[in-house]
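Asks: below is the structure, and that's it, no one-letter string:
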């Protein structure tokens, strides 16, 4: 087990009716609120009206930052920072999924950032000084409600960059708000949750029991509850389990004590989203089984971890360990396919045109030199080819 | 899944050399430190000297509260509060195990408590206003380093009372500090960790995947690592896993989304400790299998949970569910016995003299009316009888 620091200051109110905590949470920081949200879904669901009522009843002054994109863009961050400055904002209220919360985080730190905001997104730093953020979560996926990071895109540069910003002060996680999430987004979000776990689970550290146990619990829970939520979108227990899974999956907790892996699938997927603006979870779902087969073939010392995955997560058994590992990867791919998302890049209209450029960017600065299995540019291109 | 709030503000520095975080952690709160510790073990291990060196180098002013008992007593709390008042203490530094940290918490809140301190221990309240606490953990057991509660005893009244106080601001968890923990305390601490998990795991809520997965991971980890630590007290990986398990076990996290159970074994054990000053973990180890057999016999609807325990934790299988449940309880008792702690009250010189009084106190205020299986006074006496 390696050293780690647990430092997650976020207070999380989980469950039906958790919105009752909203007004007191905001009140702790002030009356001047930047309400950040995406498109029509929070309006269609009625949540926007509910929140405006609460803000009105609580005598909050509201400034709106709307239209935040599914892969949130630097222009939205710039607009938010400008609104905060113009309106003396005390607290940011992000209502939506990971994109809205990520954008809210970058706005919260951007107000204190000296200089160009794209530099904040691309430069190396830890947690930054920030306005407080409160969020109301509407999809189980990225875990941004319980971590300190965010991902911001610059479509002009075809770049999508993850970085450290600030933790939400309070996250309000009511699973009923995810009843209206469409099947495609439910499945993609679930694949995103699983990928967050895989990125830490496939590590050289084999003795971090609690982290690995939490990782396995999340993976099994997602595979049990996602199909239920797809079949019955208003199944509270399924939605609740997925939401709890999402918060912990990306919190860093499943990686405590484990060797860092560079998050190879995320490094590759961010290029797909940056070039083609595809849904993050779909890109991850396509990449993951191909990446698994590639590293298993490249490095036989990965076998014990795949065997553990086969036994503890996929519930498989058998004496031939290599067959077991392949059966587990196949079963994972079958499961992902069964959730109805595209499982090949060609289904998304993506060809190999930008593979070389995407490869170079995914491996920028030798990021994947220390992955579970270090990936060369050639490895990455082969994995992308396998995804076509 | 039921609603819950996650609100654990503690920053946890985990691993070899984590003591490097001590001076900066204290400095954030001030220079006037109350150093709280127990008896000779921190002096024998050299940790006391290490810490005094750090405090001297950092120009901290140190007031000592020493001699805190293994079941910390109200008199120590009173003495600590007096020292805080006399010396204008800024921050409490608790060095030791759960007893020292619990006492430190009660001192931290006691300085702001108006009136008699035993009233603070026995009255109903949530988290209280408190001085900041930093702790350096020396045994994997109670989880006080990552929760907001404490247990204080009054031997004159034969009372041992758990209550809510305050969370540590910073916990420094270096597994090497547990290398010198004797076998008896290692085994008792491990039984304590397991009991914290059992108290939440055996609940009516069957659909809280992540909580149950975390619970199962901790139980398996303790049973794997405790024997290793007993055989080789300086096995870092075993000590590290036990320490991580201890912090999460009592944090409330394994109970998120689950129906409260009243913690029946703790309710009963606190009476054993209060009357006989025995080691908490030993009392819990003795009670747990007897409690399990009693509730399984009393209420057949508990069977699915015992079957899950048998399969997912004890690694047993079989078609006859009742046999499987009993085999799991037997296997647990065998495991606890194998760790070398006494597994009968008679081994501790305890007879049935005070059973009636202990029963009445354990069930005070109908505390166990809402347990996983509600326990009447008759049930409790039968369980205690089975422990002889």
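Replies: That came through fine. Just so it is clear, the model here is predicted, and its values are computed rather than measured.

Asks: C-alpha only now, for contacts and for neighbours.
Replies: OK.

Asks: for chain A, what's the longest helix?
Replies: helix A:209-231 (DSSP state H).

Asks: quick one, strands of the stretch 51-200 of chain A?
Replies: For the stretch 51-200 of chain A, strands defined by DSSP state E, counting those that start in this stretch occupy the ranges A:61-65, A:91-96, A:133-137, A:149-154, A:159-164, A:170-173.

Asks: so is the last one next to chain B?
Replies: Which is strand A:170-173. No. Judged by CA under 8 Å from any CA of the partner chain, strand A:170-173 and chain B are separated, with a smallest distance of 9.4 Å.

Asks: which helices and strands sit right next to that strand?
Replies: Identification of packing neighbours for strand A:170-173 by 3 or more CA pairs under 8 Å, 6 or more residues apart in numbering or on different chains; DSSP states H and E yields strand A:11-14, strand A:133-137.

Asks: same thing with the first one?
Replies: For strand A:61-65, the helices and strands in contact under the criterion 3+ CA pairs under 8 Å, 6+ apart are strand A:32-37, helix A:74-87.

Asks: and among those, the most buried is which?
Replies: Among the helices and strands packed on strand A:61-65, strand A:32-37 has the highest mean neighbour count (mean count of other CA atoms under 10 Å in any protein chain shown), at a mean of 25.

Asks: of all the strands of the stretch 51-200 of chain A, which lies closest to residue B:63?
Replies: Closest to residue B:63 of the strands of the stretch 51-200 of chain A is strand A:170-173 (CA to CA; 36.9 Å).

Asks: how far is that closest one from where the chain is centred?
Replies: In terms of CA atoms, centre = their mean, to the nearest Å, the centre of strand A:170-173 is set 16 Å apart from its chain centre.

Asks: what's near enough to touch the closest residue to residue A:227 other than its chain neighbours?
Replies: For residue A:227, ignoring the flanking residues on the chain, the nearest one in space by CA to CA, 6 or more residues apart in numbering or on different chains is residue A:339 at 6.7 Å. Residue A:339 sits next to A:187, A:226, A:227, A:230 when contact means CA atoms under 8 Å, 6 or more residues apart in numbering or on different chains.

Asks: element containing the closest residue to residue A:318 other than its chain neighbours, please.
Replies: Nearest non-adjacent residue to residue A:318, counting by CA to CA, 6+ apart: residue A:324, 6.2 Å away. For residue A:324, the host element (DSSP states H and E) is helix A:321-338.

Asks: how much space between the closest residue to residue A:321 other than its chain neighbours and residue A:254?
Replies: Spatial nearest neighbour of residue A:321, chain neighbours left out: residue A:307 (6.3 Å); criterion: CA to CA, 6+ apart. From residue A:307 over to residue A:254 the distance is 19 Å, taken as CA to CA, to the nearest Å.

Asks: and for residue A:267?
Replies: Applying CA to CA to residue A:267 and residue A:254 gives a distance of 19 Å.

Asks: of those two, who's got more company?
Replies: Legend: neighbour count by other CA atoms under 10 Å in any protein chain shown for residue A:267 and residue A:254, higher for residue A:254 (26 against 22).

Asks: contacting residues for that one?
Replies: Residue A:254 sits next to A:197, A:200, A:201, A:210, A:211, A:212, A:214, A:215, A:248 when contact means CA under 8 Å, 6+ apart.

Asks: contacting residues for the fifth one?
Replies: Pointing back at residue A:211 there. Applying CA under 8 Å, 6+ apart to residue A:211 gives the contacts A:253, A:254, A:255, A:256, A:257, A:258.

Asks: can you give me the pLDDT of the residue nearest to the second one when sequence neighbours are not counted?
Replies: This points to residue A:254. Nearest residue to residue A:254, sequence neighbours excluded (CA to CA, 6+ apart): residue A:211, at 4.3 Å. Looking at residue A:211, its pLDDT is 97.

Asks: next one: residue A:341
Replies: The per-residue pLDDT of residue A:341 was computed as 97.

Asks: name the element it belongs to?
Replies: Per DSSP H and E, there is no helix or strand for residue A:341.

Asks: next, count neighbours for it.
Replies: 21.

Asks: surely it meets residue A:282?
Replies: Yes. Between residue A:341 and residue A:282 there is a contact at 6.6 Å, judged by CA atoms under 8 Å.

Asks: domain parsing for chain A?
Replies: If you go by the TED database, the domain ranges for chain A are A:11-177, A:183-387.

Asks: name the residues contacting each of residue A:341 and residue A:282.
Replies: residue A:188.

Asks: so what pLDDT did the residue nearest the centre of chain A get?
Replies: The residue lying closest to the centre of chain A (CA atoms, centre = their mean) is residue A:142, at 2.4 Å. Residue A:142 carries a pLDDT value of 95.

Asks: before we move on, what about residue A:55?
Replies: Reported pLDDT for residue A:55: 98.
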